[in-house]
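> need a structure here:
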Amino acid sequence: MDSFAQTKTDSIETVAREYMKAYSNWDFEKMKSFYSDGVHFEDPTATEAFGQPYVFDGKEKVHGFFNNVFKDRFKNDRPPYVKFNMERVFSTGSLVIISSTFECIVPTSWYKEKSDEALLISIPFVTILEVKNGQITKHFDYGDYKKYNAQIRAQLNK
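Have a look, this model is predicted:
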């Protein structure tokens, strides 16, 4: 690989790794700083699993979505534990593909009325980012929500 191509690959992978670090820290302000104005976010697997669209366009709408995922569910509107364990990162052209395990405490109140309990999930997760001019223009997530739902059911039925 020539040095220009290697530098470009290193650069977009660095952007992706820093972004995923912010994602893992649930730091939405930092995540927002990586977005182009017209960023597109989509999670087709969540759309299928939860029966509502997870598609957002524009920096403010994507930021708003992430900011509201756990709104009024936890102290400071963020889970007490969330982490992306990145296992493999590679890039081709402007795309960076990240294979990880997503771990998170989710509120039981999503599944049972009036509960302060929390549930731990740990699922395979793939994030594909398009990086152009140092900014994220597209963010696609794909999670194993079959495994997610099995883990939720197992913990609720204990």
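
> please make it C-alpha for all contacts and neighbour counts, starting now.
Noted.

> what packs against the longest strand along the chain?
Longest among the strand segments of the chain by residue count, using DSSP state E, is strand 118-132. Using 3 or more CA pairs under 8 Å, 6 or more residues apart in numbering; DSSP states H and E as the contact test, the elements touching strand 118-132 are helix 3-24, strand 95-107, strand 135-143, helix 145-156.

> relative to residue 62, which of the ones you listed is closest?
Among the helices and strands packed on strand 118-132, strand 135-143 comes nearest to residue 62, with 9.6 Å by CA to CA.

> who does the closest one pair with, and is each partner parallel or antiparallel?
strand 35-42 (parallel), strand 118-132 (antiparallel) (DSSP bridges).

> sorry, back to before: pipe the helices and strands packed on strand 118-132 into CSV and attach distance to residue 57, mean pLDDT and mean neighbour count per row.
Formatted as CSV, the helices and strands packed on strand 118-132 follow (distance: least, CA to CA, whole Å; pLDDT from 0 to 100; neighbours: other CA atoms under 10 Å):
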stretch, distance to residue 57, mean pLDDT, mean neighbour count
helix 3-24, 18, 80, 17
strand 95-107, 18, 94, 20
strand 135-143, 9, 98, 20
helix 145-156, 23, 91, 14
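
> and residue 44, what does it touch?
53-54, 141-142 (CA atoms under 8 Å, 6 or more residues apart in numbering).

> show me the beta-bridge partners of the residue nearest to residue 91 when sequence neighbours are not counted.
Closest residue to residue 91 apart from its sequence neighbours, by CA to CA, 6 or more residues apart in numbering: residue 97 at 6.0 Å. Beta-bridge partners of residue 97, counted by DSSP bridges, are residue 90, residue 128.

> where's residue 97 relative to residue 106, distance?
25 Å (CA to CA, to the nearest Å).

> likewise residue 42?
Taking CA to CA, one finds residue 42 at 20 Å from residue 106.

> try residue 124
For residue 124, the distance to residue 106 - CA to CA - is 16 Å.

> what of residue 34?
Taking CA to CA, one finds residue 34 at 26 Å from residue 106.

> got it, and residue 81?
For residue 81, the distance to residue 106 - CA to CA - is 9 Å.

> mind checking pLDDT for residue 68?
We have a pLDDT of 86 for residue 68.

> residue 128 now?
With respect to pLDDT, residue 128 scores 99.
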